[in-house]
Structure formats: C-alpha cells, structure tokens
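Trainee: Build me a model:
(one chain, ligands or ions: 2)
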Amino acid sequence: MTVRTDDIEQAVGVLRTGGLVALPTETVYGLGADAQNPAAVARVFQAKGRPPTHPLIVHLGSVEQLADWAEDVTATARRLAEHFWPGPLTLVLRRGRRVPLEVTGGLETVALRVPDHPVARALLSAFGSGIAAPSANRFGSVSPTTADHVRAELGDAVDYVLDGGPCEVGVESTIVGVTGDTVTLLRPGGVTREDLEAVLGDPVSVPSVSPVRVPGQHPSHYAPRARVVLVEPDQVVAEAEHAQQQGHQVGVFLPPGAAASEVKAHAAIMLPGSSAAYARGLYGFLRELDQAGCDLIVASLPVEQGLGLAIANRLRRAAGPRPADQLIAPVRP
Ligand code: TXA
Ligand code: MG
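Mentor: Numbers count the residues shown, from 1 in each chain. Ligands and ions are numbered 1, 2, ... in the order given. Predicted coordinates for the structure are as follows:
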C-alpha cells in the first residue's frame, strides 16, 4: 500500500490521456478523471453505471484554487473552506466557467472539496488541476473504503488504482450548499453538523425535500445486496433470530456489549463503541455480511448526533426501497 512518486506520475499520465484513476481519500475511494476533459468525465459515468445528469464532486489540491472553479464565493463559503479544507466537507457553489456542464449534470452549481489524504493531495498537486471523482462504486451500491473494494467493484473499468490503505473517515463528505450567508445541509458526512454550526455561529438548515437533484438522496443508495431491516435497538437480537428461523441467512449489527456467540444468526458484526470507529467500519461491515452470504441484515439506528447523523442517513438509505428486481421476500408477509 505504499504509494511511490512513480505511482503518482503514472496516475497523472493516465489522467492526462483521459483515463480513470481510483484514488484514496480520507472518506471513501474516488473514481477520478480530469475535470476539464468531458470525454474522460463521460467515462466515469459509464464505469459507474451512473446516469449522466447526476453531478460529480471536483477535487482540488488547495483552498487557493477555489476562485478558479467557483464564482461569487461569499465570505461564508470562504470561511468554511478555510476552516475545513483539507477535509471531508464539500461546498456547492456557483459553477466557474472552466467547469464543464458534463461534470455538473447540467447544473449551474459545482460541488468542490479539498480531500485530506496524503496520496490524494500528492496526486492533485502533481496533476495541478481539478479531478472530478464520485465514489468508486457501481451506482447505488456501497462506497469502497479499501483499494480491494474498488477492484472488486469496478475491475477493468478503472485504468489505474492508487492504494492508500483503508479510509480513515469511512463515510462520504458532508455536502453543504452555500448561497450568500445561508448554509444548507445537503448530505450529512464526515464533518458534523455541530462542527459546522460552531464555526458559523448559526444553525445550518436541513431541507426536508432536497431542492436539487442529489443522487445520494435516492432512497436505495448505499445499499448492499442483502436487504437491510432497521428495528429498535432492543429488538435487534429478537428480530434477527426470528428472521433466521423463517429461513433467512441473517447478518446482524450487534450493539456494543451484546455477546455475538449467543445470537442465533448466520453472521454478526460487533459494533464498535465510538461513532468514529462505526463510521470507519460501516461499509466494510455491509460488504462483509454480503460476502458471508447473508440475504438480510438487521440493524438499529445510532443516536443522530455527531457522526451518528451520517451513519443513520446511510443505514436508512441502505434500507430504502429498491427496484423490484432487487427485492428479496420480506421477513413477514
Ligand atoms: O467523500 C466524498 O464526497 C466522496 C469522495 C470520493 O470525495 N465522493 C462522493 O461522490 O461521495 P459521489 O458522486 O458518490 O457523491 C457526490 C454527491 C452526489 O450526491 C451529488 O448529487 C452531489 O454530490 N453533488 C454534486 N454536485 C452537486 C451540485 N452541483 N449540487 C448538489 N449536489 C451535488
Ligand atoms: Mg457515491
């Protein structure tokens, strides 16, 4: 997993010729392309199986590049960028002229962030321009937090994979829209709402219905193959055992303190006590239960504070309705 200067140079070469590079970030792995090359950007959508109207995040090497990629950057936007970059915060701002409409899915806004990972930063600095990168998974499925996840998910569709080890944060960046002084939370993530509010000195508004097209807000996003069922924390064990008796291969997310050996389920994940460790492990846990052959995952929602807000958001979406062909028979008719 050690990335050498040679690897960075090779990755830059791939980007310059319109190819796709998977890159580690502190949140999840991204599938990167030269943000100013529409043909390369089109390949990203193709590799993911993502509809071309769903916008990508442009990754930058430093906060100084902000003015090159966005227009009308307000004092509030600048304050957030200066405080949280590099880091897991994405700002949605007015699109700068150099941003192709292919990147923004036709929108007049652009999503920007400076990732906090040594390999991503080395790549961005050597490339010298923006890298458009969604999470490096197939559309709708769980984001990759290791290079092996990327290879398993995208195979030959990616030209070069930079292996920077497992991602520290484990859930995607927090996305906020900034218009004037108004900051709107579009997706909870690695920067907590509490941290944003502490820096702004004002509450962050949370729209009940997203005012823009955000594919991460589709109910069935971030979903493993197994169906996810959410129950109250004190019902997790009983629900898992009931479903297992009904003939399901049940994977269970056990709250800290519960004894895995005593649960009559196919597979169990002992959840870590801290929300940072839970976020870091979340997507790996879902993949692990898929690989163990589970067709049903029973979990409960964490308290929606701090990183718990992002974890709960991803679990709800993993449990959301899916296209009919992906549905597995429900536990109880
Ligand atoms: O942590 C992350 O954000 C990771 C790493 C690779 O940086 N990236 C990521 O990208 O999660 P993706 O494409 O899986 O999710 C990006 C989200 C989508 O929900 C997209 O709709 C939203 O950003 N987005 C992008 N441009 C937008 C815009 N102009 N307005 C509103 N939402 C936008
Ligand atoms: Mg994604």
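
Trainee: right, is the one helix or strand L123 maps to up against ligand 1?
Mentor: Using DSSP states H and E, L123 maps to helix 118-127. No: when contact is scored as C-beta under 6 Å from any ligand atom, no part of helix 118-127 falls within range of ligand 1; the minimum is 8.4 Å. Using the backbone N, CA and C atoms, a C-beta is placed for each residue, glycine as well.

Trainee: CA atoms of that helix as CSV?
Mentor: Once side chains and other backbone atoms are set aside, the C-alpha atoms of helix 118-127 remain, and they are given as CSV (Å, rounded to 0.1, in the frame of the first residue of the first chain):
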residue,chain,number,x,y,z
PRO,A,118,-1.6,12.3,1.5
VAL,A,119,-2.0,10.3,-1.7
ALA,A,120,-4.9,12.3,-3.0
ARG,A,121,-3.0,15.5,-2.2
ALA,A,122,0.2,14.3,-3.9
LEU,A,123,-1.9,13.3,-7.0
LEU,A,124,-3.8,16.6,-7.0
SER,A,125,-0.6,18.6,-6.6
ALA,A,126,1.2,16.7,-9.3
PHE,A,127,-1.8,16.9,-11.7
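
Trainee: in that helix, what's buried?
Mentor: Within helix 118-127, the residues that count as buried by 16 or more other C-beta atoms under 10 Å are V119, A120, R121, A122, L123, L124, F127.

Trainee: Which strands or helices does it pack on?
Mentor: The contact analysis (3 or more C-beta pairs under 8 Å, 6 or more residues apart in numbering; DSSP states H and E) places helix 118-127 against helix 5-16, strand 21-23, strand 30-34.

Trainee: quick one: the first one to helix 118-127, angle?
Mentor: Going back to what we said before, that points to helix 5-16. Inter-element angle recorded for helix 5-16 and helix 118-127: 60 degrees (by axes from the mean of the first three to the mean of the last three C-alpha atoms, to 10 degrees).

Trainee: could the buried residues of helix 118-127 go into CSV alongside pLDDT?
Mentor: Formatted as CSV, the entries for the buried residues of helix 118-127 read as follows, by pLDDT from 0 to 100:
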residue, pLDDT
V119, 98
A120, 98
R121, 98
A122, 98
L123, 98
L124, 98
F127, 98
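
Trainee: could these go into a markdown table alongside distance to G189?
Mentor: Formatted as a markdown table, the entries for these read as follows, by distance: C-beta to C-beta, whole Å:
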| residue | distance to G189 |
| --- | --- |
| V119 | 20 |
| A120 | 16 |
| R121 | 19 |
| A122 | 23 |
| L123 | 21 |
| L124 | 19 |
| F127 | 24 |
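
Trainee: Among those residues, find me the one that's closest to G170.
Mentor: Of all the buried residues of helix 118-127, the one with the least separation from G170 (C-beta to C-beta) is A120, at 15.3 Å.

Trainee: Kindly provide the distance from that closest one to M270.
Mentor: Remark: distance between A120 and M270 (C-beta to C-beta, to the nearest Å) = 31 Å.

Trainee: Please apply the same query to T182.
Mentor: 42 Å.

Trainee: Any idea which of the helices and strands packed on helix 118-127 gets closest to ligand 1?
Mentor: The closest approach between ligand 1 and any of those, judged by C-beta to the nearest ligand atom, belongs to strand 30-34 at 3.0 Å.

Trainee: which stretches of the stretch 201-333 of the chain form helices?
Mentor: Along the stretch 201-333 of the chain, counting by DSSP state H, counting those that start in this stretch, helices occupy 236-245, 275-291, 308-318.

Trainee: next helix or strand past the helix holding L123?
Mentor: Following helix 118-127 in sequence order, the next helix or strand is strand 131-132 (DSSP H and E).

Trainee: Quickly run through the sheet partners of that next one, with directions.
Mentor: The partner list of strand 131-132 in its sheet, established with DSSP bridges, is strand 30-34 (antiparallel), strand 57-59 (antiparallel).
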